[in-house]
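Asker: Next comes the sequence, and after it the predicted model I'd like to discuss.
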Amino acid sequence: MVELERLHMSALNVIDLHTHERGPYSLCIAPGECVSLRGDSGSGKSLLLRAIADLDPHDGQVLLNDISCTQFTAPQWRKQVALLPAESQWWQDEVGAHFPIEECPWLEPLGFDTETMHWQVSRLSSGEKQRLALARLLMNKPRILLLDEPTASLDNDNVVAVEKLIEKYRCDTAAAVLWVSHDTQQAARVGDRHLQLTTEGIREYAA
Amino acid sequence: MIMLSAVDLSLAAGLVLAMAALSWRMQLGLSGQLLIAGTRTVVQLLLIGLVLKALFANVDLLWVAGISLVMLLAAGREVMARQQRRFTGWWGFGMGTGAMFISSFAITILALTTMVATDPWYDPQYAVPLLGMLLGNTMSGIALALDRLTTTAWQQRAIIEQRLMLGAPRLDAIAEIRREAMRSGMMPIINSMAAAGLVSLPGMMTGQILAGTPPLEAVKYQILIMFLISAGTGFGVTAALWLASKRLFDDRHRLRLDKLTGPRN
């Protein structure tokens, strides 16, 4: 009964997902909920996120508000089920060229200003890239955030800024968040529930 | 026209032999290759000379179609052989060959029926050399463009996937790479059009002039050929890149580099 209830109200629902000969993985996240995910390196966290974002071939079902991934075109799906990879990529010279429009409300809370849009990508630090990649991702107004160690290369102040911003975005838009983190303290801080990825599948644990 | 005798050719062959001897003395390790390549030139050209002679004597659409097919398949094999990473399975051969078939054959037939207007339109004296020049140039363009597309896609896989993650459709995610590939496929013909007459006298025109054609007639033919080649290469490269760009992804807009073979050494 509990399972059914949760299924009904989940924003993201992953059922028996197999990818790259791993799985089956099942998980669900309610609207506005943040779930942390941990696992040893090589346990397939990134592969799981890639499969949920439909970047890799997979079996099983992924549902957004009870609508199957296959009902969306792939670009539509990825705009709503947004993956922030551990390492972001930039292909234009200027930061602003990677954003759909110049006005980005997420710059200021992350410690940037409008001038940032004219910065050269080649001169960004890894921490700046990581924060700007988050701002860029939020421009699509995603309903699910799949975050792959989003604060790995940030100093403490910026870790706080990023955690705050994601919290605010989640509350304002009722987005569901799946947050991969190696940092158990961070996981306890940001997560409403906690998942561990093992070779057998996904199990929930108490923080 | 001055006919060449066996003695004339032997004199030229003597030069190659002399070069091979020099290479052997200097231990360049080129003499073997040089002699084999020279022998291949003699045998292959004599054979095609005999084939053309027979073809010209019996003007028959079936024979022309047959030799065209052989030329197309040879060009397709060449395109495939020049790829660092080619598509697996039938696509590796079919993609370039299909694109060449569409562009070269369409342009050749158009030229034969309207501009050159031979009678019959498949007259092998015009059809075979025309198709040969178109295929040869389209082949180089497609081989360069496909190789550029697949190797760049391989190197920039992270960027392509980042763009997909942000919701770009597959053809947008690879647009710049495709444009670069198009440019490298078209560059040789653009260069040779720009340099024609100033830096080099094009081979076909030189041949016609040597054979006694008035220079201006030879020039007109050369201009026609250049235009046909640039259009043929352009359409061929466009078609090949369109097919290849789509083939690099699946219908869920996922980058599928597993459809490419490993690097060739």
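Answerer: Sure thing, it's come through. Because the structure is a prediction, the values reported are computed rather than measured.
Asker: can you pull up the bridge partners for A:L64?
Answerer: Counting by DSSP bridges, A:L64 is bridged to A:L12, A:I67.
Asker: dump the residue contacts of it.
Answerer: A:11-12, A:72, A:77, A:80-81, A:143-144 (CB atoms under 8 Å, 6 or more residues apart in numbering or on different chains). Glycine gets a C-beta too; all of them are placed from N, C-alpha and C.
Asker: What of A:R136?
Answerer: Listed by CB under 8 Å, 6+ apart, the contact set of A:R136 reads A:88, A:98-99, A:104, B:166.
Asker: Now do the buried residues in stretch B:161-170.
Answerer: By 16 or more other CB atoms under 10 Å in any protein chain shown, the buried positions in stretch B:161-170 come out as B:161-170.
Asker: Give me the contacts around that stretch.
Answerer: Here stretch B:161-170 makes contact (CB under 8 Å, 6+ apart) with A:53, A:55, A:74-76, A:78-79, A:82-83, A:85, A:88-89, A:91, A:136-137, A:140, B:172-173, B:245-246, B:248-249, B:253-255.
Asker: again, only using 7 Å
Answerer: Contacts with stretch B:161-170, where a contact means CB atoms under 7 Å, 6 or more residues apart in numbering or on different chains, come from A:53, A:55, A:75, A:78-79, A:83, A:85, A:88-89, A:136, A:140, B:172-173, B:249, B:253, B:255.
Asker: Sheet partners, orientation included, of the helix or strand that A:L37 is a member of?
Answerer: Per DSSP states H and E, A:L37 falls inside strand A:34-38. Its sheet considered, strand A:34-38 pairs with strand A:176-180 (parallel), strand A:193-197 (parallel) by DSSP bridges.
Asker: On the pLDDT front, check A:T199 for me.
Answerer: Predicted confidence (pLDDT) for A:T199: 80.
Asker: how about it, phi and psi?
Answerer: Main-chain torsions, A:T199, degrees, to the nearest 10: phi -70, psi -20.
Asker: what about B:L11, distance to B:G203?
Answerer: 22 Å (CB to CB, to the nearest Å).
Asker: and B:G262, how many neighbours?
Answerer: By other CB atoms under 10 Å in any protein chain shown, 8 other residues sit near B:G262.
Asker: Could you verify that it is part of a strand?
Answerer: No: according to DSSP: H, G, I helix; E, B strand; the rest coil, the state of B:G262 is coil, so it is not within a strand.
Asker: For it, which non-adjacent residue is spatially closest?
Answerer: Nearest non-adjacent residue to B:G262, counting by CB to CB, 6 or more residues apart in numbering or on different chains: B:R85, 7.1 Å away.
Asker: That neighbour - how many residues pack around it?
Answerer: Neighbours of B:R85 (other CB under 10 Å): 20.
Asker: Am I right that it is in contact with B:T261?
Answerer: Yes: counting by CB atoms under 7 Å, B:T261 is a contact partner of B:R85 at 5.8 Å.
Asker: Stretch B:247-256: end-to-end distance?
Answerer: 8 Å (CA to CA, to the nearest Å).
Asker: Mind checking if that stretch is in reach of chain A?
Answerer: Yes: judged by CB under 7 Å from any CB of the partner chain, stretch B:247-256 and chain A are in contact via B:252-254.
Asker: before we move on, the earlier item: restricting to C-alpha, output the strand holding A:L37 in CSV.
Answerer: The C-alpha coordinates for strand A:34-38 follow below in CSV (Å, rounded to 0.1, in the frame of the first residue of the first chain):
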residue,chain,number,x,y,z
CYS,A,34,15.7,15.7,-2.1
VAL,A,35,17.2,12.3,-1.9
SER,A,36,20.9,11.7,-1.4
LEU,A,37,22.7,8.9,-3.2
ARG,A,38,26.0,7.4,-2.3
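Asker: Give me the average confidence score over it.
Answerer: Mean pLDDT, strand A:34-38: 94.
Asker: List the buried residues of the helix or strand bottoming out on mean pLDDT in chain B.
Answerer: For chain B, counting by mean pLDDT, DSSP states H and E, helix B:203-210 ranks last in confidence among helices and strands (a mean of 88). Of all the residues in helix B:203-210, those buried under the rule 16+ other CB under 10 Å are B:204-205, B:208-209.
Asker: do the same with stretch A:18-31
Answerer: A:19, A:22-23, A:25, A:27-31.
Asker: outside of the helix or strand hosting B:G92, which residues touch it?
Answerer: Using DSSP H and E, B:G92 maps to helix B:90-100. With CB under 7 Å, 6+ apart as the test, helix B:90-100 has contacts from B:72, B:75-76, B:79-80, B:86-87, B:135, B:138-139, B:142-143, B:146, B:236, B:239-240, B:243-244, B:247.
Asker: Just the buried residues of those residues.
Answerer: Those of the contacts of helix B:90-100 that meet the buried threshold are B:72, B:75-76, B:79-80, B:86-87, B:135, B:138-139, B:142-143, B:146, B:236, B:239-240, B:243-244, by 16+ other CB under 10 Å.
Asker: Okay, and which of the buried residues of stretch B:161-170 map to helices?
Answerer: Judged by DSSP state H, the buried residues of stretch B:161-170 include B:161-165, B:170 as members of helices.
Asker: ok, those vs B:T113, which is closest?
Answerer: Distance to B:T113, by CB to CB, is smallest for B:R170 among those, at 38.0 Å.
Asker: Tell me how far the closest one lies from B:A211.
Answerer: With the distance defined as CB to CB, B:R170 ends up 51 Å from B:A211.
Asker: Would you verify that A:D172 is located in a strand?
Answerer: No: A:D172: not assigned to a strand; according to three-state DSSP it is helix.
Asker: follow-up on the earlier one: what's downstream of the least confident helix or strand of chain B, the next helix or strand?
Answerer: Reading on from helix B:203-210 to the C-terminus, the next helix or strand found by DSSP H and E is helix B:215-247.
Asker: from the chain's centre, how far out does that following helix sit?
Answerer: Remark: helix B:215-247 is offset 10 Å from the chain centroid, using CA atoms, centre = their mean, to the nearest Å.
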